[in-house]
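Got a sequence here, can you model it:
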Amino acid sequence: MGMSCRRYFVDHEERVIRIGNTTFEGLMRDPVLHTMPSLAGQRVRVAELILEVNGRTVLQVVRRVYFVLPFDVDGRVDTERFERQQRAFAGLALEGLLGEARRPAAVLDATERFVAQGGRWRPTRALAEKIDGIAFA
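Residues are numbered from 1 along each chain as shown. Model prediction:
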């Protein structure tokens with residue numbers, strides 16, 4: 001038994017397209033050389049599933065993460081924007097674990113919440129089931 005990571009792009013018509021790990025890693029690590037011109041200027045929904053597998057048989061979904069991947073006008077992943085969203089999301093998670101950040105009681109700073117929200121999405125139950133079904137196929 002082992003673990004497998006699978007990523008899927010979800011387009012505006014809710015078509016689910018599997019993206020190979022090598023392709024995804026290339027988009028993230030070296031966006032200058034690895035582009036997707038067909039996604040230029042778009043914010044693409046991504047579903048990342050960690051699966052427990054036995055050989056090629058999927059036993060269960062261990063973890064699901066849904067995020068938005070921004071592409072610039074040239075079809076490159078906007079890694080700066082993506083990393084800013086991920087840092088904001090991590091900051092919110094840590095704030096929840098470590099307690100409220102020190103700031104005056106009358107000041108409400110929602111900047112990180114808005115930045116983090118721009119990088120997340122939640123599928124409908126039907127879409128989540130569709131993604132899971134593709135992973136098990």
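
So, low pLDDT: which residues of this protein?
Flagging of the chain using pLDDT under 70 yields the residue ranges 89, 92-93, 95-119.

quick one: the helices in the protein?
Applying DSSP state H to the chain gives helices spanning 21-29, 79-98, 111-117, 125-136.

Could I get those helices in JSON lines, plus columns for mean neighbour count?
Bear in mind the C-beta positions are built from the backbone N, C-alpha and C, glycine included. Converted to JSON lines, the helices of the chain look like this (neighbours: other Cβ atoms under 10 Å):
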{"stretch": "helix 21-29", "mean neighbour count": "14"}
{"stretch": "helix 79-98", "mean neighbour count": "14"}
{"stretch": "helix 111-117", "mean neighbour count": "15"}
{"stretch": "helix 125-136", "mean neighbour count": "14"}
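
Which among those is found nearest to residue 59?
helix 125-136 (9.4 Å; Cβ to Cβ).

I'd like to know which elements the closest one is packed against.
strand 2-10, strand 16-19, strand 43-54, strand 57-70 (3 or more Cβ pairs under 8 Å, 6 or more residues apart in numbering; DSSP states H and E).

Select, out of those, the one closest to residue 85.
Across these, residue 85 has its closest neighbour in strand 57-70 (7.5 Å, Cβ to Cβ).

will you turn the helices and strands packed on helix 125-136 into JSON lines that also has mean neighbour count and distance to residue 122?
Listed next are those as JSON lines, based on neighbours: other Cβ atoms under 10 Å; distance: least, Cβ to Cβ, whole Å:
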{"stretch": "strand 2-10", "mean neighbour count": "16", "distance to residue 122": "12"}
{"stretch": "strand 16-19", "mean neighbour count": "15", "distance to residue 122": "15"}
{"stretch": "strand 43-54", "mean neighbour count": "17", "distance to residue 122": "10"}
{"stretch": "strand 57-70", "mean neighbour count": "15", "distance to residue 122": "6"}
